[in-house]
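Chemist: Pasting a predicted model and its sequence here:
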Amino acid sequence: MVFIGYGGFAVLPSNISLMMTVGVLMAAIFTYIYGVPWQQFRRTVARADWPGAEHRIRRIRQLVGLNLLLGLATVVLAAAGAYFS
């Protein structure tokens with residue numbers, strides 16, 4: 001869509017560039033959540049290490065909350081796109 005609708009990345013409006021950047025950041029955070037803290041959480045639950053599992057799930061909740069805020073920022077960028085110059 002970037003190439004068909006806008007003619008490439010060089011001429012994208014700033015709000016779309018920001019939306020794409022935030023989207024890539026959100027994907028990276030999700031990949032990190034799945035790859036590191038979630039796997040640690042699974043291992044601690046398998047060992048029945050409940051205090052360790054609580055620590056891991058708290059970290060996952062923080063990162064998911066960050067992703068939620070980034071998603072809301074993306075919605076704001078999309079809605080406010082007409083007001084960017």
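Modeler: Thanks, I have the structure now.

Chemist: Name the residues of the helix with the most length in the chain that come out as buried.
Modeler: Longest helix of the chain, by residue count under DSSP state H: helix 50-79. For helix 50-79, burial by neighbour count (16 or more other C-beta atoms under 10 Å) applies to 53, 56-57, 59-60, 63, 67, 74, 77. C-beta: built from backbone N, CA, C; applies to glycine.

Chemist: In TSV, list these along with pLDDT.
Modeler: Converted to TSV, the buried residues of helix 50-79 look like this (pLDDT from 0 to 100):
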residue	pLDDT
Ala53	97
Arg56	97
Ile57	98
Arg59	98
Ile60	98
Leu63	98
Asn67	98
Thr74	92
Leu77	86
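
Chemist: Columns distance to Gln39 on top of those residues, output as a markdown table?
Modeler: Putting those into a markdown table (distance: C-beta to C-beta, whole Å) gives the following:
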| residue | distance to Gln39 |
| --- | --- |
| Ala53 | 12 |
| Arg56 | 9 |
| Ile57 | 13 |
| Arg59 | 12 |
| Ile60 | 11 |
| Leu63 | 14 |
| Asn67 | 18 |
| Thr74 | 27 |
| Leu77 | 32 |
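
Chemist: Any idea how far the helix or strand where Gln40 lies is from the middle of the chain?
Modeler: Using DSSP states H and E, Gln40 falls within helix 37-46. Averaged C-alpha coordinates place helix 37-46 at 21 Å from its chain's average position (C-alpha atoms, centre = their mean, to the nearest Å).

Chemist: Over to stretch 69-85?
Modeler: That offset, for stretch 69-85, works out to 15 Å (C-alpha atoms, centre = their mean).

Chemist: what's the answer for stretch 55-69, then?
Modeler: 11 Å.

Chemist: which other residues reach it?
Modeler: If you take C-beta atoms under 8 Å, 6 or more residues apart in numbering as the criterion, stretch 55-69 is touched by 26, 29-30, 32-33, 37-38, 40-41, 44.
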